[in-house]
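Chemist: Next come a sequence and a model predicted from it.
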Amino acid sequence: MLARTVEVSRRYGDTLALDRVSLEIPSGGVVGMLGPNGAGKSTLINLLVGLRRPTSGTVELFGGDPRDPARRRQIGVTPQETGLPSTLRVRECLEFVARHFPDAVPQKQILDRFGLTEVAGRQTGGLSGGQKRRLAVALAFVGRPRLVFLDEPTTGLDVQARRALWDAVRAFADEGGTVVLTSHYLEEIEALADRVVVVGHGRILADDTVDAIRSMVGIHRVSLHAPDALPELPGVVGVEHADGRTSLLTPDADQLVRDLVRAGVPFRGLQVQPTTLEEAFLTLTGK
Ligand SMILES: Nc1ncnc2c1ncn2[C@@H]1O[C@H](COP(=O)(O)OP(=O)(O)OP(=O)(O)O)[C@@H](O)[C@H]1O
């Protein structure tokens with residue numbers, strides 16, 4: 001086991017950011033952590049990498065205290081926000097980080113893998129947002145870590161840059177590396193992760209394969225104008241009223257529409273839309 005939390009809670013004042021979370025990260029593969037804003041994902045990562053201490057419970061990294069420098073040297077981390085020194089060149093940033101490790105990855109290989117070769121001589125202050133993000137993620141891999149934590153690695157990247165970064169993460173995992181990444185995007189988790197941990201309201205709501213999670217969050221919104229109260233319909237997991245429309249949340253929109261027709265509901269303006277992940281979670285967690 002590379003890392004684990006046992007019944008870990010973390011409070012910030014009155015906010016309970018994590019509520020008795022137990023999680024195990026074995027060696028190899030990509031674990032995707034999925035959840036809406038404020039779910040507790042970053043807090044969980046910060047505990048695992050030794051940046052914060054739990055209020056209660058135990059956190060272990062490589063079998064011991066995550067704040068021990070010898071253990072932390074074996075991880076790579078890209079936090080949600082990184083400040084790169086704006087006057088350093090890309091090459092200098094990579095060099096600076098590499099000097100902290102006995103056996104750093106050759107710079108050329110990192111530049112190639114993260115699509116940074118063309119901007120190697122540029123000061124980071126002159127990089128685009130996407131290039132900065134790629135550099136920030138690349139830095140996590142420089143020291144040949146056993147375990148890498150990436151907090152929303154592709155936020156702000158265009159599709160092409162996102163795919164390039166996915167390739168780099170996958171290549172690392174294919175070579176036997178272990179990655180924990182957070183994302184709001186199911187698509188990103190699907191592209192990379194073998195296992196998905198769904199975090200919501202400071203708890204682990206699900207810990208399963210990508211397929212299982214996809215079916216769990218595949219909720220649709222069927223919205224319509226209906227003159228009267230709707231009859232009770234099977235498969236509806238949530239009902240909302242807004243702007244004169246009624247929205248029904250369901251995992252099987254086709255069946256719901258058939259049921260509406262069969263029940264003779266005089267609806268108009270029918271719309272069927274996928275819900276966002278956040279909506280799906282909130283529905284499933286009943287909050
Ligand atoms: N330093 C802090 N001080 C006070 N409250 C905090 C602090 N850090 C996090 N929180 C609160 O703890 C909860 C969990 O936050 P956290 O950043 O871990 O969530 P997250 O899942 O990473 O969200 P996001 O995707 O927005 O980063 C939130 O309610 C947040 O406001």
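Modeler: Nice, I can see it.
Chemist: For the rest of this, base every contact and every neighbour count on C-alpha atoms.
Modeler: Will do.
Chemist: quick one: the helices in the chain?
Modeler: Applying DSSP state H to the chain gives helices spanning 41-48, 69-72, 90-98, 107-113, 129-139, 159-174, 186-192, 210-217, 253-262, 277-285.
Chemist: do you know which of the ones you listed lies nearest the ligand?
Modeler: helix 41-48 (3.5 Å; C-alpha to the nearest ligand atom).
Chemist: which other helices and strands contact the closest one?
Modeler: In terms of contacts (3 or more C-alpha pairs under 8 Å, 6 or more residues apart in numbering; DSSP states H and E), helix 41-48 is packed against strand 3-12, strand 15-25, strand 56-61, strand 147-151.
Chemist: Could you confirm whether that helix reaches the ligand?
Modeler: Yes: legend: contact between helix 41-48 and the ligand by C-alpha under 6 Å from any ligand atom is shown at 41, 42, 43.
Chemist: I'd say the last one and residue 17 touch.
Modeler: Yes: here residue 43 lies in contact with residue 17, judged by C-alpha atoms under 8 Å, at a distance of 7.0 Å.
Chemist: which neighbours do the two share?
Modeler: Residues touching both residue 43 and residue 17 (C-alpha atoms under 8 Å, 6 or more residues apart in numbering) are residue 10.
Chemist: returning to that earlier point: output the helices and strands packed on helix 41-48 in CSV; the columns should cover mean pLDDT and distance to residue 95.
Modeler: As requested, the helices and strands packed on helix 41-48 are exported to CSV (pLDDT from 0 to 100; distance: least, C-alpha to C-alpha, whole Å):
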stretch, mean pLDDT, distance to residue 95
strand 3-12, 98, 28
strand 15-25, 97, 30
strand 56-61, 98, 26
strand 147-151, 97, 19
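Chemist: Burial-wise, tell me which of the ones you listed comes out on top.
Modeler: Neighbour counts (mean count of other C-alpha atoms under 10 Å) averaged over each of the helices and strands packed on helix 41-48 peak at strand 147-151, with a mean of 25.
Chemist: tell me the angle of that one relative to helix 129-139?
Modeler: 160 degrees (axes from the mean of the first three to the mean of the last three C-alpha atoms, to 10 degrees).
Chemist: Just the residues contacting strand 147-151, thanks.
Modeler: By C-alpha under 8 Å, 6+ apart, strand 147-151 touches 2, 42, 45, 74-80, 137, 140-141, 177-183.
Chemist: Just the buried residues of those residues.
Modeler: 2, 42, 45, 74-79, 137, 140-141, 177-183 (16 or more other C-alpha atoms under 10 Å).
Chemist: What residues does the stretch 1-150 of the chain have near the ligand?
Modeler: Residues of the stretch 1-150 of the chain lying near the ligand (C-alpha under 6 Å from any ligand atom): 12, 17, 36, 37, 38, 39, 40, 41, 42, 43.
Chemist: can you rerun that using 8 Å?
Modeler: 11-13, 15-18, 35-44, 80 (C-alpha under 8 Å from any ligand atom).
Chemist: where in the protein is pLDDT low?
Modeler: For the chain, applying pLDDT under 70 flags the ranges 276-287.
Chemist: how does it look with 80?
Modeler: Scanning the chain for pLDDT under 80 picks out the ranges 185-187, 211-218, 227-228, 275-287.
Chemist: I'd guessed residue 213 sits against residue 194; true?
Modeler: No: with contacts counted by C-alpha under 8 Å, residue 213 stays clear of residue 194, the gap being 11.1 Å.
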